[in-house]
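Just to be clear, the model below is a prediction. Sequence and coordinates:
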Amino acid sequence: MDGRLAAVTAALAARAAAHDRDGSFPWDGIAGLHAAGLLGATIGREHGGPGCGLADGVRILRALGQGDPSVALITAMTLITHAAQAREASWPAQAYKGIVEKSASEPILLNALRVEPDLGTPARGGLPATTAARVPGGWSLSGRKIYSTGAEGLSWMAVWARTDESPPRVGSFLVPAGSAGVTVERTWDHLGLRASRSDDVVFDAAEIPAEAVVALAAPDAQPPPDPVLMTWNSLGISAIYLGVAAAARDWLIGFLAERTPTALGRPLATLPRFTAAVGEISAALIAAEDLVDALVDALAVRVDAGEEAAAGHAAIAKLSATRAAIGAVEQAVALVGNNALTRKNPLERHYRDVLCARVHTPQDDSVIAGLGSAAFAGLVKGE
């Protein structure tokens, strides 16, 4: 796998700036991933797939993040969906079988669409406004989902919605791309990860077969989040942004080694001030990479082994990893100055991309608040 990953990462890096510049969907990168057999890496062995676990998934996403984090994020959604099916088959068997079979011959992208304009992220609580109404033979789905990663390239969407019943039930409605009543609106105009095309998807009386529903139940009867899949999300996201920081570090070293001001007559890397500054950045990043990578990799292996307690540490790993990645790139920007924020230089793009680490669930404030509450549990009585 390592050889394939290296080749794919290099190809992604060569095209990342162009896709970032015009905000175009990275079809070429997705095609390359499929050709390398990486897009379906987590399809379960029982479905004829490689059955890669979390440790391999983390390794794949870190490498892709170093090449193009937009492609990495799109890929993460598909890898996590397949991993969920390998763990517990919840999609209709016939539909998923068709997805796997088609994945052998063409790129198939999957994602769960959950975020809405008024609700925000459902991780903070609340019910979706997207509504499914009963119609002969199934459901009619209407609503809007925002921040839908890879929207224009998705083959299937698992749309979180409520029924129009009283009381309502909630669940995920499976919608194939190209369905009547489904429109992708190109609203994505973001600081970073511009090629992820995390656009709005609008559902206007889109008809869904009766059987194309997952985990439909009353809100208070919904199963708790699967800790293993939460770990997949946290560690996968962490891996992507560690990859971005690695790309920034590599560019910085090359820039300072080559940059030779006329008045100086030798590369900036020879000056004690720059040498010491790079030493500080390297020390911080290497220590963070070693510690965080060890934590990420160890958690991945332990979760793959079924240790549920390990899954609870995934959010902390994400907090540590993304802070380390952002800090490393910020230090590089401060050292380089104007060249760091010049669009022709990759560091400007890496900086914008790495800042996006903060918006992914679980967000820093939620993790910190949870840890603080746990620390005081049993010692402080709330009013």
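Nice, I can see it.

What count of nearby residues applies to residue 32?
Other residues lying near residue 32 total 22 when counted by other C-beta atoms under 10 Å. From N, CA and C alone the C-beta is placed, and that goes for glycine too.

got a list of what it touches?
8, 11-12 (C-beta atoms under 8 Å, 6 or more residues apart in numbering).

switch the cut-off to 6 Å
Shown in contact with residue 32 (C-beta atoms under 6 Å, 6 or more residues apart in numbering): 8, 11.

ok, now how distant is it from residue 228?
Using C-beta to C-beta, to the nearest Å, residue 32 is found at 29 Å from residue 228.

before we move on, what about residue 150?
Computed as C-beta to C-beta, the residue 150 to residue 228 distance reads 23 Å.

Next, give phi and psi for residue 252.
phi -60, psi -50 (degrees, to the nearest 10).

ditto for the one 4 residues further on
As for residue 256, its main-chain torsions (degrees, to the nearest 10) stand at phi -70, psi -30.

Residue 270 versus that one, what's the distance?
For residue 256, the distance to residue 270 - C-beta to C-beta - is 9 Å.

ok, the two, which is more surrounded?
Legend: neighbour count by other C-beta under 10 Å for residue 256 and residue 270, higher for residue 256 (20 against 13).

isn't the more buried one right up against residue 271?
No. Using C-beta atoms under 6 Å, residue 256 makes no contact with residue 271, being 8.9 Å away.

does the residue lying farthest from the centre of the chain count as helix, strand or coil?
Distance from the centre of the chain peaks at residue 263, with 45.1 Å (C-alpha atoms, centre = their mean). In terms of secondary structure, residue 263 is coil; the call rests on DSSP: H, G, I helix; E, B strand; the rest coil.

and the gap between residue 216 and residue 160?
For residue 216, the distance to residue 160 - C-beta to C-beta - is 11 Å.

Tell me which of the two has more neighbours.
residue 160 (22 against 17).

Now the helix or strand hosting residue 296: average pLDDT?
Element membership for residue 296, per DSSP states H and E: helix 272-304. What helix 272-304 shows for mean pLDDT is 73.

model confidence over stretch 135-147, on average?
Rounded to a whole number, the mean pLDDT of stretch 135-147 is 96.

So which residues make contact with that stretch?
113, 115, 117, 129-133, 173, 198, 200-210.

same check, this time on stretch 227-238
With contact meaning C-beta under 6 Å, 6+ apart, stretch 227-238 is reached by 54, 58, 61, 76, 80, 83-84, 296, 300, 303, 308, 311, 314-315, 317-318, 321, 360.

Ok, stretch 254-272 next?
By C-beta under 6 Å, 6+ apart, the residues outside stretch 254-272 that reach it are residue 274.

Off-centre distance for it?
Between the centre of stretch 254-272 and the centre of its chain there are 37 Å (C-alpha atoms, centre = their mean, to the nearest Å).

Report the buried residues of stretch 134-147.
Within stretch 134-147, the residues scored as buried using 16 or more other C-beta atoms under 10 Å are 138-147.

just stretch 330-340 next, same as before
330-333, 335-336, 340.

correct me, but residue 156 touches residue 110?
Yes. Counting by C-beta under 6 Å, residue 156 touches residue 110, with 5.2 Å between them.

residue closest to the middle of this protein?
residue 73 (3.7 Å).

Please tell me how far the closest residue to that residue other than its chain neighbours sits from residue 188.
Excluding the flanking residues, the one nearest residue 73 by C-beta to C-beta, 6 or more residues apart in numbering is residue 196, at 5.1 Å. According to C-beta to C-beta, residue 196 stands 7 Å off from residue 188.

how far is stretch 155-167 from where the chain is centred?
On C-alpha atoms, centre = their mean, the centre of stretch 155-167 falls 22 Å from the chain's centre.

hang on, I meant stretch 35-46
In terms of C-alpha atoms, centre = their mean, the centre of stretch 35-46 is found 17 Å from the chain centre.

Endpoints of it, how far apart?
Its start and end residues considered, stretch 35-46 measures 22 Å (C-alpha to C-alpha, to the nearest Å).

Of all the residues in that stretch, which ones are buried?
Those buried within stretch 35-46 under the rule 16+ other C-beta under 10 Å are 36, 38-44.

Can I get these in CSV including pLDDT and distance to residue 28?
Shown next, in CSV, are these (pLDDT from 0 to 100; distance: C-beta to C-beta, whole Å):
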residue, pLDDT, distance to residue 28
36, 96, 13
38, 96, 14
39, 97, 13
40, 96, 18
41, 96, 19
42, 96, 22
43, 97, 22
44, 96, 28
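
could those residues go into TSV alongside secondary structure and distance to residue 277?
Formatted as TSV, the buried residues of stretch 35-46 follow (DSSP: H, G, I helix; E, B strand; the rest coil; distance: C-beta to C-beta, whole Å):
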residue	secondary structure	distance to residue 277
36	coil	37
38	coil	36
39	coil	40
40	coil	43
41	coil	39
42	coil	40
43	coil	45
44	coil	48
